[in-house]
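Participant: Generate coordinates for the sequence data below:
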Amino acid sequence: MALGSVVAAVTALALLILIRFLYVVLWSGKLLHGKSQKTYSTLVILGSGGHTAEMLNLLSVLQKERFAPRFYVAAATDIMSLQKARVLEDSLVDVAGVSSGETAKYMQIYRSREVGQSYITSVWTTLVATTHALYIMIQLRPEVILCNGPGTCIPLCIIAFLFKVLGIRWSSIFYVESIARVRRLSLSGLLLYKLRVADQFFVQWPQLHRKYPQAVYVGCLM
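Facilitator: Now for the predicted structure:
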């Protein structure tokens, strides 16, 4: 009798989680629409090389007064990306008279796997990175997440999606695939696309859109 009650409870819980999951997938990308002037705390995930340059170009045309405060996150080994983000935020002082210290914060996150690292040792570093990502998401609880392909976005985005399913926090995830990706998605993009994690998934080339029709084609943003 007790075993039957446990099975029934587990089944009911699994059903509730499934219903919640379907609800999240159905409503993803629809909750920022409208004319509301509400501001949204925003997590910006930066990556080394061209990822950061592309992201900062996108941020330069963002309605910054609506997406604030802004939290910048980069890999622990990536110092340059955060420095570039600081330069962007400091430039806002001259344009709008806004102190970047009041609107932006800068954080680093452990990487799951370094270039050339063995897969065996990466098991441990992945666990550490995931735990660190969970801590960051609990601390920040952003309403919007912007990313464009660095591997550091995967644990943060998946945790944000799980938070939505569990009803902890609704974070709208916007993924913009790099302009360098013409025919195939990056590994990060492919994972988020297949898992339906991103609320809106943007690509910049028509041939990429034809291959991944659930993405939104926006043309070249650079």
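Participant: Now for residue 106: which residues touch it?
Facilitator: Neighbour list for residue 106: 71, 72, 74, 82, 85, 86 [criterion: CB atoms under 8 Å, 6 or more residues apart in numbering]. The C-beta positions use only the backbone N, C-alpha and C, and glycine is treated the same way.
Participant: what about it, helix or strand, and which?
Facilitator: Assigned by DSSP states H and E, residue 106 belongs to strand 104-109.
Participant: Leaving aside the residues adjacent along the chain, what's closest to residue 43?
Facilitator: residue 142 (3.8 Å; CB to CB, 6 or more residues apart in numbering).
Participant: Roughly how far does that neighbour sit from residue 220?
Facilitator: 27 Å (CB to CB, to the nearest Å).
Participant: These two: which has the busier surroundings?
Facilitator: The residue with more neighbours, out of residue 142 and residue 220, is residue 142; 24 against 7, by other CB atoms under 10 Å.
Participant: ok, the more buried one to residue 112 distance?
Facilitator: Per CB to CB, residue 142 is found 20 Å from residue 112.
Participant: got it, and residue 5?
Facilitator: Using CB to CB, residue 5 is found at 40 Å from residue 112.
Participant: Comparing those two, which shows the higher neighbour count?
Facilitator: Neighbours per residue, other CB under 10 Å: of residue 5 and residue 112, the larger number sits with residue 112, 21 against 9.
Participant: Can you read off the pLDDT for that one?
Facilitator: On the pLDDT scale, residue 112 is placed at 75.
Participant: i'd like the first residue to be 50 from this point on
Facilitator: Noted, 50 is the first residue going forward, which turns the last one into residue 161.
Participant: which residues touch it?
Facilitator: With contact set as CB under 8 Å, 6+ apart, residue 161 has these partners: 171, 174, 175, 178, 179, 200, 201, 203, 204.
Participant: can you give me the helices in this structure?
Facilitator: 51-76, 99-108, 128-145, 149-152, 168-189, 202-215, 236-243, 255-260 (DSSP state H).
Participant: Render the CA-only coordinates of the second one in CSV, please.
Facilitator: Spelled out, it's helix 99-108. What follows is helix 99-108 as a C-alpha-only set of coordinates in CSV (Å, rounded to 0.1, in the frame of the first residue of the first chain):
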residue,chain,number,x,y,z
GLY,A,99,34.8,37.8,-31.6
HIS,A,100,32.0,36.9,-29.3
THR,A,101,32.5,39.9,-27.1
ALA,A,102,33.0,42.3,-30.0
GLU,A,103,29.7,41.2,-31.5
MET,A,104,27.9,41.4,-28.2
LEU,A,105,29.1,44.9,-27.4
ASN,A,106,28.0,46.0,-30.9
LEU,A,107,24.5,44.6,-30.1
LEU,A,108,24.5,46.4,-26.7
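Participant: Output the contacting helices and strands for that helix.
Facilitator: strand 91-94, helix 128-145, strand 193-196, strand 221-225 (3 or more CB pairs under 8 Å, 6 or more residues apart in numbering; DSSP states H and E).
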